[in-house]
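> What shape does this take:
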Amino acid sequence: MSKKSYIIGAVLVVLAMIMAMYSFRSTLTTYVGVREAKVSRRPVQVAGIVVKGSRRYDLQNNSLMFTLREDSGDEMEIEYDWSKPANFDDVTKIVSTGKYNPKRQVFVATELLVKCPTKYEQRVKGQ
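Numbering: from 1, shown residues only. This next block holds a predicted model:
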């Protein structure tokens, strides 16, 4: 093989690696606070607790609305247009993935990760 084909092969491998890294990086969703989420143009993840008394579920539109409060005390309205997670009522912490809509002043979640207290905590501890 000639030296030219080795160079072409190396360039193709480098280009493939660059494309793979760009593709991977563009799919990452970073954790941010409420303030950062409100100004971000990309989808982000925000973690916090559900404010008591703020849960509203619209059966006709299959839409869940609630207020999320992060550790700093900042709050924001979350809208999730999918079925309410089965264990949503037992949630202690929630991670919302989505994007803030400044016109409506609501964070439109595409995914919810609910963290609940374990029901089997006593069994794990052997009690």
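> drop to CA atoms for contacts and neighbour counts, all remaining ones
Fine.
> and the nearest residue to V39 once chain neighbours are set aside, how far is that from P43?
Spatial nearest neighbour of V39, excluding adjacent residues (CA to CA, 6 or more residues apart in numbering): Y100 at 7.6 Å. Counting by CA to CA, to the nearest Å, the gap from Y100 to P43 is 8 Å.
> These two: who's more crowded?
Between Y100 and P43, counting by other CA atoms under 10 Å, Y100 is the more crowded of the two (26 against 19).
> helices or strands up against the helix or strand where that one lies?
Here Y100 sits within strand 93-101, counting by DSSP states H and E. Contacts defined by 3 or more CA pairs under 8 Å, 6 or more residues apart in numbering; DSSP states H and E place strand 93-101 against helix 34-39, strand 44-50, strand 106-115.
> re earlier: give the contact list for the residue nearest to V39.
When contacts are counted by CA atoms under 8 Å, 6 or more residues apart in numbering, Y100 touches 37-40, 106-108.
> So for it, what pLDDT did the model give?
pLDDT, Y100: 96.
> same deal with A47?
Looking at A47, its pLDDT reads 93.
> Skipping its backbone neighbours, what lies nearest it in space?
In space, A47 is closest to V95, 4.3 Å off (CA to CA, 6+ apart).
> roughly how far apart are that neighbour and V108?
Counting by CA to CA, the gap from V95 to V108 is 13 Å.
> how about the CA coordinates for stretch 78-89, as CSV?
The C-alpha coordinates for stretch 78-89 follow below in CSV (Å, rounded to 0.1, in the frame of the first residue of the first chain):
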residue,chain,number,x,y,z
ILE,A,78,-43.2,22.4,35.5
GLU,A,79,-45.5,21.1,32.8
TYR,A,80,-45.4,17.4,31.8
ASP,A,81,-47.7,16.4,28.9
TRP,A,82,-47.6,12.6,29.5
SER,A,83,-49.1,10.2,31.9
LYS,A,84,-48.4,10.9,35.6
PRO,A,85,-45.7,8.5,36.9
ALA,A,86,-47.3,5.8,39.0
ASN,A,87,-45.2,6.7,42.1
PHE,A,88,-45.5,10.5,41.7
ASP,A,89,-47.6,10.9,44.9
